[in-house]
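**Q** predicted model and sequence follow; I will ask about them next.
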Amino acid sequence: MFMQKFNDLSRKKTARTLALLLIFVFSPATANAQQANPTTIINAARILDVKSGKYLNNYAVLVVDGRVRQIAPRAELARNAPRGAKIVNLPPNATLLPGLIDAHTHLLDERLLVQEFYDNNAVRITQRSPEERMALGERNAREMVEAGWTTVRDVGMAKDCDALKLRDRINAGQAVGPRMFVACKLLTPPGGLLLRPASEYAEEMIRNEYFEIGSEDVARRAVGENVQAGADLIKVIVAAEERMLTVPQVRAIVAAAHEANLKVAAHAHTAEAAQIAVEGGVDSVEHAFQVRDATLRQMRERGIFLVPTDLSIAAVNELFARMLPPGFEPRPGIKKYRKEQVESAPERLKRAIAMKVRLAAGSDVEWIWTGRTRGTASLLILDAFRQAGMSPLDVIRAATVNAAELLGQSDNIGAIETNKFADLIAVEGDPLANFAALKRVVFVMKNGEILKNR
Ligand SMILES: [Zn+2]
């Protein structure tokens with residue numbers, strides 16, 4: 001049934017492409033059109049200093065030109081308030097926090113639990129028009145920021161690196177969403193990732209989404225092309241089924257990326273792939289469901305981040321209950337995903353915490369999920385950290401100050417501090433005392449602009 005739908009879609013493709021071109025060419029907004037945001041004072045009963053873990057009570061934050069300029073007791077800031085400053089009084093039970101950072105998103109992509117991973121990919125990446133994918137990306141971007149995610153690191157599955165365009169549209173004020181740090185084409189072993197063998201879409205998918213790495217020379221060229229295209233980081237798929245990159249290939253990728261001042265995120269599920277990533281010197285290992293203790297130890301020693309991308313068991317159960325029809329037998333890849341999420345993921349997250357590996361929050365949530373937006377579904381990853389025994393403060397750190405460091409953005413985001421971007425959220429309640437409060441986001445400011453205020 002869905003194939004029929006996609007044939008219909010491609011017939012409409014030409015007309016839509018034309019329409020989109022017209023929008024881009026004649027849009028009045030330009031990269032320089034973003035207006036300066038007003039000077040604002042935010043009064044809060046509690047402000048969390050994520051680094052010390054302490055609350056500042058009855059403090060206020062002065063925001064000028066999109067950045068935090070002063071943090072001081074309310075009364076003091078009120079006395080010295082710049083004329084005409086906009087005043088925001090947060091609800092008396094609210095807590096002000098730094099905006100959350102999701103270090104693993106796919107905003108131009110979505111998945112249906114009833115389909116195999118392969119089929120999701122073929123359909124989404126090759127059969128949708130650019131404007132359909134951009135509309136999806138813009139919707140997800142808005143949903144993310146409204147849920148409190150003011151920054152994301154987007155790691156592929158966008159076709160033709162279109163996440164770069166979404167990033168630029170958000171930066172130009174043409175779309176509402178988080179700050180985006182974007183990987184362009186994914187560097188993979190020859191044959192790409194998540195492709196049904198001999199599928200009619202495989203070749204197109206490889207051309208659009210992947211850079212096949214067969215040698216160190218190709219590895220360097222792939223990094224160079226991504227840099228040229230405007231990528232903010234390099235994403236490398238260390239292993240796809242039995243196909244694997246070699247340690248020297250990963251090292252060549254990392255050297256070229258670091259030369260260009262970009263970090264490298266490595267997708268690795270198996271023990272062997274995680275070990276190759278670590279020996280190759282990447283900056284973060286994503287997923288690492290089967291990682292060995294010896295590899296975790298090396299990650300800790302070298303300061304390599306783990307981005308676990310786990311849902312809590314309760315969240316996995318909710319997803320499967322809502323998105324699989326009763327009696328429906330999940331596809332093998334989906335069954336494997338469930339097993340990983342319920343069995344290996346919680347166990348290895350506990351090991352990583354015990355070994356003090358640095359952790360950054362990354363959702364990897366692409367599911368179409370009844371009753372949740374992309375943003376609120378992504379918040380469920382925070383429960384997985386709690387489930388593994390992390391304190392509320394450490395979970396918040398994984399999604400703020402740690403993730404900022406992984407992105408190389410510690411000077412700009414991840415904490416409420418003078419001269420950092422005014423990326424701030426307020427939640428209803430005290431998230432250190434009652435973790436559920438973290439999901440009740442009532443206020444969002446990004447770059448000094450208020451995007452949500454209930
Ligand atoms: Zn992912």
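**A** Yep, that arrived.

**Q** from here on, just use CA atoms for contacts and neighbour counts.
**A** Fine.

**Q** domains in the chain, by residue range?
**A** Here the domain assignment for the chain is 40-98+417-453, 100-406, based on automatic domain parsing.

**Q** now, of the ones you listed, which is deepest in the fold?
**A** For those, the stretch with the most neighbours on average is domain 100-406, a mean of 21; neighbours defined as mean count of other C-alpha atoms under 10 Å.

**Q** just the terminal-to-terminal distance for that one.
**A** Between the opening and closing residues of domain 100-406 we find a distance of 13 Å, counting by C-alpha to C-alpha, to the nearest Å.

**Q** got phi/psi on the residue of the chain most remote from its centre?
**A** Computed with C-alpha atoms, centre = their mean, the maximum C-alpha offset from the centroid of the chain is found at residue 79, amounting to 39.7 Å. In terms of degrees, to the nearest 10, the main-chain angles of residue 79 are phi -70, psi -40.

**Q** could you list every residue that touches it?
**A** Counting by C-alpha atoms under 8 Å, 6 or more residues apart in numbering, residue 79 makes contact with nothing.

**Q** how about residue 359?
**A** In this structure, residue 359 makes contact with 305-308, 398, 402-403, judged by C-alpha under 8 Å, 6+ apart.

**Q** do the same with residue 154
**A** Contacts of residue 154 were listed using C-alpha under 8 Å, 6+ apart, and they are 103-107, 163, 180-183.

**Q** apply 6 Å and report the result again.
**A** Residue 154 sits next to 104-106, 182 when contact means C-alpha atoms under 6 Å, 6 or more residues apart in numbering.

**Q** which one of the residues you listed is nearest to residue 356?
**A** Sorting the contacts of residue 154 by how near they are to residue 356, with C-alpha to C-alpha, puts residue 104 at the top with 20.7 Å.

**Q** now the closest one, nearest residue through space, not along the chain?
**A** Distance criterion C-alpha to C-alpha, 6 or more residues apart in numbering; nearest residue to residue 104, sequence neighbours excluded, is residue 362 at 4.3 Å.

**Q** now, the most widely separated pair of the contacts of residue 359?
**A** Greatest spatial distance in these: 308 and 402, 13.1 Å, computed using C-alpha to C-alpha.

**Q** output the contacts of residue 154 as CSV; include the columns pLDDT, distance to residue 383 and secondary structure.
**A** Formatted as CSV, the entries for the contacts of residue 154 read as follows, by pLDDT from 0 to 100; distance: C-alpha to C-alpha, whole Å; DSSP: H, G, I helix; E, B strand; the rest coil:
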residue, pLDDT, distance to residue 383, secondary structure
104, 98, 16, strand
105, 98, 17, strand
106, 96, 20, coil
182, 98, 25, strand
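
**Q** other SSEs contacting the helix or strand harbouring residue 227?
**A** Assigned by DSSP states H and E, residue 227 falls within helix 216-229. Helix 216-229 sits against helix 247-259, with contacts defined as 3 or more C-alpha pairs under 6 Å, 6 or more residues apart in numbering; DSSP states H and E.

**Q** same for the helix it packs on, what does it pack against?
**A** Other elements packing on helix 247-259 under the criterion 3+ C-alpha pairs under 6 Å, 6+ apart are helix 216-229, helix 271-280.

**Q** pLDDT weak spots in the stretch 1-150 of the chain?
**A** Applying pLDDT under 70 to the stretch 1-150 of the chain flags residues 1-36, 122-123.

**Q** quick one, helices of it?
**A** Remark: helices assigned in the stretch 1-150 of the chain by DSSP state H, counting those that start in this stretch are 2-26, 74-79, 117-121, 127, 130-146.

**Q** now do the stretch 251-400 of the chain
**A** Listed in chain order, the helices found in the stretch 251-400 of the chain under DSSP H, counting those that start in this stretch are 271-280, 293-302, 313-323, 332-339, 345-354, 374-378, 381-387, 392-398.

**Q** what is the mean pLDDT for the second one?
**A** Okay, so that is helix 293-302. Here the mean pLDDT over helix 293-302 is 98, rounded to a whole number.

**Q** repeat that for the longest one.
**A** Across helix 313-323, the average pLDDT comes to 97.

**Q** could I have it exported to PDB, CA atoms only?
**A** Included here for helix 313-323 are C-alpha records, laid out as PDB according to Å, rounded to 0.1, in the frame of the first residue of the first chain:
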ATOM      1  CA  ILE A 313      12.200   0.200  29.600                       C
ATOM      2  CA  ALA A 314       8.900   1.900  30.400                       C
ATOM      3  CA  ALA A 315       9.300   4.100  27.400                       C
ATOM      4  CA  VAL A 316      10.100   1.200  25.100                       C
ATOM      5  CA  ASN A 317       7.000  -0.600  26.400                       C
ATOM      6  CA  GLU A 318       4.900   2.400  25.800                       C
ATOM      7  CA  LEU A 319       6.200   2.800  22.200                       C
ATOM      8  CA  PHE A 320       5.500  -0.800  21.400                       C
ATOM      9  CA  ALA A 321       2.100  -0.800  23.000                       C
ATOM     10  CA  ARG A 322       1.000   2.400  21.100                       C
ATOM     11  CA  MET A 323       2.700   1.800  17.700                       C
END
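
**Q** packing partners of that helix?
**A** Using 3+ C-alpha pairs under 6 Å, 6+ apart as the contact criterion, no secondary-structure element is in contact with helix 313-323.

**Q** got the contact list for that helix?
**A** When contacts are taken as C-alpha under 6 Å, 6+ apart, the neighbours of helix 313-323 outside the stretch itself are residue 342.

**Q** CA atoms of stretch 155-170 as CSV?
**A** Written as CSV, here are the backbone C-alpha positions of stretch 155-170 (Å, rounded to 0.1, in the frame of the first residue of the first chain):
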residue,chain,number,x,y,z
VAL,A,155,23.8,13.0,12.7
GLY,A,156,22.4,12.1,9.3
MET,A,157,19.6,10.5,7.4
ALA,A,158,18.6,13.7,5.8
LYS,A,159,19.3,13.1,2.1
ASP,A,160,21.6,15.4,0.2
CYS,A,161,22.7,16.8,3.6
ASP,A,162,19.5,18.8,3.7
ALA,A,163,19.8,19.1,7.5
LEU,A,164,22.4,21.8,6.7
LYS,A,165,19.6,23.8,5.0
LEU,A,166,17.3,23.3,8.0
ARG,A,167,20.1,24.6,10.2
ASP,A,168,20.6,27.6,8.0
ARG,A,169,16.9,28.4,7.8
ILE,A,170,16.7,28.3,11.6
